[in-house]
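Engineer: how would this look folded up:
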Amino acid sequence: MQDILNIFVKSIFVDNMVFAYFLGMCSFLAVSKSVKTATGLGIAVTLVLTITLPVNYLLNKYVLSAGALKWLGAGFANVDLSFLSFIIFIAVIAAIVQIVEMIVEKYSPSLYNSLGIYLPLIAVNCAILGGSLFMQQKEFADVGLATTYALGSGLGWFLAIISLAAIREKLAYSHVPAPLRGIGITFIITGLMGIAFMSFMGISW
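Structural biologist: As a prediction, the model looks like this:
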């Protein structure tokens with residue numbers, strides 16, 4: 001239980017996909033103009049991460065890694081399909097994103113129209129693929145820990161984009177120097193938020 005809690009909290013605050021690794025920045029900056037659209041995209045990213053990462057974990061453990069196919073028989077014990085990891089992970093992500101896109105379009109057309117091209121672009125969101133690649137590096141003991149990491153990483157991304165969207169909405173009523181309006185002040189705020197999240201790195205786990 002302690003391991004699950006540690007992984008969950010650490011993936012949200014310490015190993016935050018945006019502020020620690022700068023992953024998923026294109027959609028993070030583009031869709032954070034309003035809290036409504038940021039909420040929709042944040043939920044979609046969290047959902048896709050939570051589904052795809054455990055699936056990729058199982059594929060990596062039982063199909064792709066060296067010796068993973070030994071369950072098929074002794075003749076497959078030396079087979080190593082790890083070179084296919086990238087393409088398999090991306091294929092799984094693309095399939096899940098397509099399903100999520102169809103669900104959002106059916107049940108929330110207004111959100112679907114607000115997100116525009118950024119919803120299908122989740123398929124190439126580096127935060128999603130990064131989660132699966134970090135999962136490979138961390139070598140989690142079971143699929144439960146991998147799922148916990150996926151949920152925490154998604155919520156970390158969700159927290160980041162919601163926070164930035166709320167600040168940007170307030171900036172509409174602030175006096176920002178003309179040269180910094182728009183993306184300029186957004187970059188500055190993102191940097192300051194990243195520095196703020198660095199304070200969590202001092203937590204002992």
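Engineer: how far is the longest helix along the chain from where the chain is centred?
Structural biologist: For the chain, the helix that runs over the most residues, judged by DSSP state H, is helix 143-171. Distance of helix 143-171 from the chain centroid (Cα atoms, centre = their mean, to the nearest Å) equals 8 Å.
Engineer: in that helix, what counts as buried?
Structural biologist: Neighbour-count burial for helix 143-171, with 16 or more other Cβ atoms under 10 Å as criterion, is recorded at 145-165, 167-168. In short, each C-beta sits where N, CA and C put it, glycine included.
Engineer: and residue 80, what is it in contact with?
Structural biologist: Going by Cβ atoms under 8 Å, 6 or more residues apart in numbering, residue 80 touches 65-67.
Engineer: From these, list the buried ones, please.
Structural biologist: Among these, those buried by neighbour count (16+ other Cβ under 10 Å) are residue 65.
Engineer: Could you dump the contacts of residue 80 into JSON lines and include distance to residue 121 and pLDDT?
Structural biologist: Compiled in JSON lines, the contacts of residue 80 are given as follows (distance: Cβ to Cβ, whole Å; pLDDT from 0 to 100):
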{"residue": "65", "distance to residue 121": "29", "pLDDT": "90"}
{"residue": "66", "distance to residue 121": "33", "pLDDT": "86"}
{"residue": "67", "distance to residue 121": "36", "pLDDT": "85"}
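Engineer: In strands only, show me the contacts of residue 80.
Structural biologist: Counting by DSSP state E, no part of the contacts of residue 80 is found in strands.
Engineer: Please identify which of the contacts of residue 80 is nearest to residue 97.
Structural biologist: residue 65 (24.5 Å; Cβ to Cβ).
Engineer: Tell me how far the closest one lies from residue 169.
Structural biologist: 45 Å (Cβ to Cβ, to the nearest Å).
Engineer: And the contacts of the helix or strand of the chain with the lowest mean pLDDT?
Structural biologist: Least confident helix or strand of the chain, by mean pLDDT, DSSP states H and E, is helix 109-115 with a mean of 79. Contacting residues not belonging to helix 109-115 are listed as 31, 36-37, 40-41, 44, 101, 104-105, 119 [Cβ under 8 Å, 6+ apart].
Engineer: can you put the residues you listed in JSON lines and add distance to residue 4, pLDDT and neighbour count?
Structural biologist: As requested, the contacts of helix 109-115 are exported to JSON lines (distance: Cβ to Cβ, whole Å; pLDDT from 0 to 100; neighbours: other Cβ atoms under 10 Å):
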{"residue": "31", "distance to residue 4": "30", "pLDDT": "86", "neighbour count": "24"}
{"residue": "36", "distance to residue 4": "32", "pLDDT": "88", "neighbour count": "13"}
{"residue": "37", "distance to residue 4": "32", "pLDDT": "88", "neighbour count": "20"}
{"residue": "40", "distance to residue 4": "28", "pLDDT": "86", "neighbour count": "21"}
{"residue": "41", "distance to residue 4": "27", "pLDDT": "88", "neighbour count": "30"}
{"residue": "44", "distance to residue 4": "24", "pLDDT": "86", "neighbour count": "24"}
{"residue": "101", "distance to residue 4": "30", "pLDDT": "85", "neighbour count": "18"}
{"residue": "104", "distance to residue 4": "29", "pLDDT": "83", "neighbour count": "19"}
{"residue": "105", "distance to residue 4": "34", "pLDDT": "85", "neighbour count": "14"}
{"residue": "119", "distance to residue 4": "30", "pLDDT": "75", "neighbour count": "23"}
